[in-house]
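Engineer: the sequence and its predicted three-dimensional model are supplied below.
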Amino acid sequence: MKQVSGIQMQLPEGKLPGFYAQIIKGIAEHAAIVDRSGELMFAREEHTEAINKVLRHYKVDSTTSSWLQLTDSEWSLGRLWDDYGITARAGGWFADLQLAAAGNLLAIDNASETEQAWLQIEEHHIAMLQKDSRRSFVVDRQLSELIDGIARAYRCHVEWLF
């Protein structure tokens, strides 16, 4: 998983159908778009200013926010995914970091009950990934204290990433 920028365009009304395509072509000449969903584009943070410069050239207002791209295809999306995230045009998964937080569940020692903690976190998940010994999750940002408490109760630790 990695942090990306979400650039939401506010396209002016009454423009010809090719206007949007012209903007996308102009952006492609200066920056790479990771994925997009309608008027929301996802890009690496270092490309944000170049994209906004193109949008200003076309007199298109935009807002930029932080998103989390789930880069592993083995993520399991929960029933709450659509409230916190977007499945973009090319199939990428992006969670809004204003609403969601992501972390890893870690054992502290041999007495840690990571499986029990994992089952408790699963009740609140937006997305989860259990791969090899790594247990990563995305939850509502407001539940971070609850998740920390669950981890402590089972002698585990949460490494908050985003």
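Structural biologist: Arrived safely, thanks for sending. What you see is a predicted model, and the numbers here were worked out from it, not measured in a lab.
Engineer: what ranges do the helices span in this protein?
Structural biologist: In the chain, the helices defined using DSSP state H lie at 18-28, 48-57, 81-84, 114-122, 144-153.
Engineer: other SSEs contacting the first one?
Structural biologist: It stands for helix 18-28. When contacts are defined as 3 or more C-beta pairs under 8 Å, 6 or more residues apart in numbering; DSSP states H and E, helix 18-28 packs onto helix 48-57. Using the backbone N, CA and C atoms, a C-beta is placed for each residue, glycine as well.
Engineer: buried ones in the helix it packs on?
Structural biologist: 48, 51, 52, 54, 55 (16 or more other C-beta atoms under 10 Å).
Engineer: related to what we said a few turns ago, could you dump the helices of the chain to a markdown table with distance to residue 34?
Structural biologist: Converted to a markdown table, these look like this (distance: least, C-beta to C-beta, whole Å):
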| stretch | distance to residue 34 |
| --- | --- |
| helix 18-28 | 12 |
| helix 48-57 | 11 |
| helix 81-84 | 18 |
| helix 114-122 | 27 |
| helix 144-153 | 26 |
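Engineer: in CSV, list these along with mean pLDDT.
Structural biologist: Formatted as CSV, the helices of the chain follow (pLDDT from 0 to 100):
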stretch, mean pLDDT
helix 18-28, 91
helix 48-57, 96
helix 81-84, 97
helix 114-122, 97
helix 144-153, 98
